[in-house]
Each structure stands twice: as structure tokens, then as C-alpha cells.
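J.: Let's see this in three dimensions:
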Amino acid sequence: MNQLMTTDRKIGYMCALGAVLIWSGFILVSRVGGISELSAYDVIAIRYATCASLLLPFWWFKYRFPLFNVRLITVAMIGGMAYALCTFTGFQQAPASHAAILMPGLMPLFIIILSARFNHEKMPMSKWLGVAVITFGVSLLFVEQWWSGAQPVYGDLWFIAGALCWAIFSVLIKKWNITPWQVTVSLAVLTSLVYLPIYIFWLPKKMAFSLLPDIALQAVYQGVLATIIQMFFYVRAVQILGASGMGSMMAIVPIISGLGAIILLAEPAGVGVLSGLLLVAIGAYVAHSGFVFNVLNRWGARRRGEVS
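T.: Numbering: from 1, shown residues only. Next up is the predicted model:
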């Protein structure tokens with residue numbers, strides 16, 4: 001039994017790592033889309049039209065399940081449409097390095113609070129300490145903006161809203177025990193059914209043949225990697241490690257995506273950004289591993305042994 005549990009946790013960590021790597025690339029690719037001529041509405045349409053086209057035949061002919069129920073519709077609207085509208089609007093207005101701090105940084109905070117409140121998960125003190133460090137790192141980004149007298153970056157507010165949407169989504173799929181396949185299909189198909197008609201008939205569009213390279217990049221990464229493959233990894237990790245455990249792992253994303261934004265996209269790297277990236281990563285490690293409290297417990301046990 002213990003060996004089986006250990007194997008399951010190894011699978012959970014591998015799935016979590018896969019989700020982290022794809023999610024890091026998602027931040028960079030989404031920013032590339034945000035600074036291109038494509039609008040946020042275009043990128044969302046490309047994302048869900050692509051993944052729905054790929055998944056719908058598999059659902060219809062092979063792995064069909066009741067799609068139109070309240071729980072699946074709820075998670076699709078929160079983790080699909082609301083999350084996408086918030087984040088892709090943010091990527092048009094704010095640097096990827098800000099997203100690298102705010103989104104994976106605030107997700108653990110929101111997820112741990114919501115999991116404790118609604119899923120009644122017991123949180124060790126190491127998680128709360130990690131969240132405190134992450135929160136301090138996030139705050140440095142805003143302190144730097146305030147100190148320098150720079151104009152507020154309103155895209156940051158969209159990133160915060162996107163992090164909250166994803167946290168609610170994560171807690172709900174754990175609470176309702178929704179399988180990875182159900183989550184992936186419902187996000188793709190239900191979001192497409194609601195969003196694409198609105199996009200086609202009412203929203204502004206900037207897609208053109210001259211933008212085919214941008215469209216292809218977004219279709220492959222957003223429609224396949226970030227939506228289908230990453231979702232399987234993410235949901236499987238949530239089921240094994242819990243929403244709070246996966247949320248803490250996701251905060252590793254800032255180091256990868258933040259450095260990628262600075263190196264590949266030539267984004268400015270002030271003290272607040274660099275400190276925020278580092279502190280968020282440290283907070284994630286503390287929250288996930290419990291390393292600090294293990295050291296303190298061993299030190300305390302050694303001290304008690306010396307006293308006795």
C-alpha cells in the first residue's frame with residue numbers, strides 16, 4: 001500500500017512538472033500574442049476553436065459522457081471563458097514578467113484559502129509560511145511601481161482576476177471529483193459553444209492572412225499544449241497532490257517564465273521584478289516541501305536530546 005501511494009505521488013509530481021513547464025511557456029507565448037496585431041478576442045477564439053475541433057470527435061465517437069450538466073458548465077465558464085478573458089486582456093496591457101509574478105504567485109494564496117474554507121483541507125504551517133513569502137514577493141512589484149512614480153499597469157489587475165478564476169476552478173474540480181478528461185472536454189467544447197458565436201457576430205476581429213505565423217503559434221501552443229496536454233497534467237496532479245499542493249508547485253513558474261521574458265522578450269528587469277520572482281519561487285518551495293519546518297523540528301529534537 002505504501003509503495004503504491006509513493007508511486008502515485010511520483011506520478012503526481014511528474015504531472016505537476018509537465019504542467020509547470022507548459023504553463024511557463026504559456027506566459028511567454030501569450031505575451032507574444034498580446035504584442036502582436038491579434039486582439040485578445042482573436043487569441044481566445046484560436047485557443048478554443050483549435051482544441052474543441054481536436055477533442056470533439058474523440059468525445060462524440062469514443063469517450064462520451066454527459067456534457068451539459070451544471071457542474072461542468074460552471075467549471076468551464078470559470079476556468080475557461082472567464083479565465084481566458086481576464087488573462088489575455090492582461091497580456092495586451094502588461095509585461096510577461098508581471099504575469100510571471102502575479103498569476104502563479106497569487107494562485108497558491110487563493111487556492112490555499114479557498115481549499116481550507118470550502119474543501120476543509122488541513123493546511124500545515126509550512127504552506128502558510130510559503131504563502132506569506134509569496135505574498136511579500138508579489139507586493140514588491142507594486143511597491144516598485146509606487147516608489148518610481150510610474151503609472152499603474154492596469155493589466156496587472158486582469159492577471160489578479162485570472163489567478164482568482166483559476167483558483168476557484170482548481171478547488172471546484174477537486175471538490176466535485178471531476179476527471180481530467182471531463183475537465184478538458186468541457187473547457188474546450190462548452191467554452192467554444194458559448195464564446196465563438198459571441199466572437200463571430202459581435203466582437204472586433206483583427207485576424208488576416210498576413211498574421212498566419214502568429215495564428216499558427218497560438219493555435220499550436222494555446223489550442224494543443226496549453227489547453228489539452230497541460231490540462232491533463234494539471235488535473236491529474238490536483239487529484240493526487242490536492243489543489244493546494246498543485247497550487248504551490250505552480251509558483252515555480254515565475255523563475256522559468258520571468259527569466260524567459262527578460263532574456264527572450266527583452267523586458268526590463270527592475271529590483272522589484274527580480275526580487276518578486278525570487279521570493280515567489282522561494283515561497284513555493286517552502287509551501288510545497290515543508291523544508292523549513294523539517295529543519296526546525298530536527299533542530300528542536302536535537303536540542304531536547306542535549307537538554308535531557
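
J.: Setting the sequence-adjacent residues aside, check what's closest to the most centrally placed residue in the chain.
T.: The centroid of the chain falls nearest to Pro104 when counting by Cα atoms, centre = their mean (5.7 Å). Counting by Cβ to Cβ, 6 or more residues apart in numbering, Pro104 lies nearest to Val253, which is 3.9 Å off, once chain neighbours are set aside. C-betas here are computed from N, CA, C, even on glycine.

J.: What of Ile35?
T.: Gln92 is the one closest to Ile35 (Cβ to Cβ, 6+ apart), at 7.7 Å.

J.: And Glu121, by the same measure?
T.: In space, and not counting its chain neighbours, Glu121 is closest to Ser115: 4.4 Å by Cβ to Cβ, 6+ apart.

J.: so which strand or helix has the residue nearest to Ile35?
T.: Assigned by DSSP states H and E, Gln92 belongs to helix 83-93.

J.: and what of Pro254?
T.: Going by DSSP H and E, Pro254 is part of helix 253-264.

J.: Show residues contacting that helix.
T.: Contacts to helix 253-264, defined as Cβ atoms under 8 Å, 6 or more residues apart in numbering, come from residues 20-21, 23-25, 27-28, 31, 95-97, 99-101, 103-105, 267, 269, 273, 276-278, 280-281.

J.: what helices or strands is the very next helix or strand once past it leaning on?
T.: Downstream of helix 253-264, the next assigned helix or strand under DSSP H and E is helix 271-289. Applying 3 or more Cβ pairs under 8 Å, 6 or more residues apart in numbering; DSSP states H and E, one finds that helix 271-289 contacts helix 96-114, helix 125-148, helix 243-250, helix 253-264.

J.: Could you list the low-confidence segments of the stretch 151-300 of the chain?
T.: Along the stretch 151-300 of the chain, segments meeting pLDDT under 70 span 151-152, 243-244, 247-248, 250-251, 288-300.

J.: For stretch 161-176, buried residues please.
T.: 161-174 (16 or more other Cβ atoms under 10 Å).

J.: any idea how far Gly137 is from the residue nearest to Pro104?
T.: Separation of Val253 from Gly137 (Cβ to Cβ, to the nearest Å): 13 Å.

J.: Which one of these two is surrounded by more residues?
T.: Val253 (29 against 24; other Cβ atoms under 10 Å).

J.: Once you drop chain neighbours, what's closest to Thr191?
T.: Gly80 (3.6 Å).

J.: same question, Leu28
T.: What sits nearest to Leu28 in space, not counting adjacent residues and going by Cβ to Cβ, 6+ apart, is Gly260, at 5.0 Å.

J.: tell me the contacts of the residue nearest to Thr191?
T.: So Gly80 contacts Tyr48, Ser186, Leu187, Ala188, Leu190, Thr191 (Cβ under 8 Å, 6+ apart).

J.: pLDDT value on it, please?
T.: Gly80 is assigned 94 on the pLDDT scale.

J.: One more: Ser24?
T.: For Ser24, pLDDT reads 93.

J.: That one and Pro104: what is the separation?
T.: In terms of Cβ to Cβ, Ser24 sits 9 Å off from Pro104.

J.: same check, this time on Val271
T.: Taken as Cβ to Cβ, the span from Val271 to Pro104 is 20 Å.

J.: circling back: how near is the residue nearest to Pro104 to Gly25?
T.: Val253 sits 10 Å away from Gly25, going by Cβ to Cβ.

J.: same check, this time on Ser210
T.: Applying Cβ to Cβ to Ser210 and Gly25 gives a distance of 25 Å.

J.: Which one's more surrounded, the two?
T.: Between Ser210 and Gly25, counted using other Cβ under 10 Å, Gly25 has the larger neighbour count: 18 against 9.

J.: quick one, which of the helices and strands packed on helix 271-289 is nearest to Leu56?
T.: Between Leu56 and the helices and strands packed on helix 271-289, the tightest spacing by Cβ to Cβ is seen for helix 243-250, at 27.1 Å.

J.: so what's Ala116 closest to, chain neighbours aside?
T.: Per Cβ to Cβ, 6+ apart, closest to Ala116 is Met123, 5.4 Å.
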